[in-house]
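Chemist: sequence unavailable; structure follows:
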């Protein structure tokens, strides 16, 4: 009985993961408003009610997809508690990772633009996420300064906001250039110009 329950849970987790993958792809292709739960269910080989069993609303599915992306990205940035220059290296490594996952980059770019509207279901999520991202980048610059690795005149607060804006702008350029833009290379050059040590 316990083994059957474990198999059931494992199947449920696998199906949930498949739904997140298909939703991420469709949200990236069609945007949040243009994506249909019925299409996502069909792509997963389940019924619409079957999908609603895992995610009762379209909003809950979108937020689960975005949170999943944040979990993956957080692992890249933390790097075992990385701080300062090491954490700034993590931002460049994250840009390199993003160059291997077009669907996620498309999703983020499309939905973050849509979510500037106050009535979008992910509006509050993106407000929090940007505040967290910018403050995290600022902290990395403060720590780099404490390590003696930040050039004179670089303001951590401004640099943090600029870094996040550069990353997101590079993602749009990368999408529009069909992958020709070297996101990680541009980001590394930007960071290197701000540091007194080798990135």
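Modeler: Looks like it came in fine. Because the structure is a prediction, the values reported are computed rather than measured.
Chemist: against residue 184, how distant is residue 59?
Modeler: Per Cβ to Cβ, to the nearest Å, residue 59 is found 33 Å from residue 184. (C-beta placed from N, C-alpha, C; glycine too.)
Chemist: for the two, indicate the residue with more neighbours.
Modeler: Comparing residue 59 with residue 184 by other Cβ atoms under 10 Å, the one with more neighbours is residue 184, at 19 against 14.
Chemist: is it true that the more buried one lies in a helix?
Modeler: Yes - assessed with DSSP: H, G, I helix; E, B strand; the rest coil, residue 184 lies in a helix.
Chemist: surely it meets residue 96?
Modeler: Yes - counting by Cβ atoms under 8 Å, residue 96 is a contact partner of residue 184 at 4.0 Å.
Chemist: hey, where'd the helices end up in this structure?
Modeler: 2-34, 37-44, 48-54, 58-78, 84-98, 102-114, 123-146, 156-176, 183-194 (DSSP state H).
Chemist: report the contact partners of the nearest residue to residue 111 once chain neighbours are set aside.
Modeler: Nearest in space to residue 111, with sequence neighbours left out and distances taken as Cβ to Cβ, 6 or more residues apart in numbering, is residue 32 at 5.3 Å. Applying Cβ atoms under 8 Å, 6 or more residues apart in numbering to residue 32 gives the contacts 58, 62, 110-111, 114-115, 120-122.
Chemist: just those residues now: which is nearest residue 179?
Modeler: residue 110 (16.9 Å; Cβ to Cβ).
Chemist: so who does that closest one touch?
Modeler: Here residue 110 is in contact with 27-28, 31-32 (Cβ under 8 Å, 6+ apart).
Chemist: by neighbours, which of these wins?
Modeler: residue 27 (28 neighbours).
Chemist: pLDDT below threshold where in the chain?
Modeler: 1-8, 72, 75-80 (pLDDT under 70).
Chemist: 90 - rerun?
Modeler: For the chain, the stretches flagged by pLDDT under 90 are 1-17, 20-35, 58-60, 62-83, 94, 97-98, 100-111, 114, 120-122, 199.
Chemist: just give the number of residues close to residue 13.
Modeler: Other residues close to residue 13 by other Cβ under 10 Å number 11.
Chemist: give me the number of residues near the nearest residue to residue 188 once chain neighbours are set aside?
Modeler: Of all residues beyond its chain neighbours, the one nearest residue 188 is residue 92 (4.8 Å), with distances taken as Cβ to Cβ, 6+ apart. Neighbourhood size, residue 92 [other Cβ under 10 Å]: 21.
Chemist: residue 191 is in contact with residue 92, correct?
Modeler: Yes - here residue 92 reaches residue 191: they are 6.4 Å apart, a contact under Cβ under 8 Å.
Chemist: mutual contacts of these two, please.
Modeler: Going by Cβ under 8 Å, 6+ apart, residues that sit against residue 92 and also against residue 191 are residue 199.
Chemist: which residues does the residue lying closest to residue 89 once chain neighbours are set aside contact?
Modeler: Spatially, and ignoring its direct neighbours in sequence, residue 89 is nearest to residue 199 (6.2 Å; Cβ to Cβ, 6+ apart). By Cβ under 8 Å, 6+ apart, the contact list for residue 199 reads 85, 88-89, 92, 188, 191-192.
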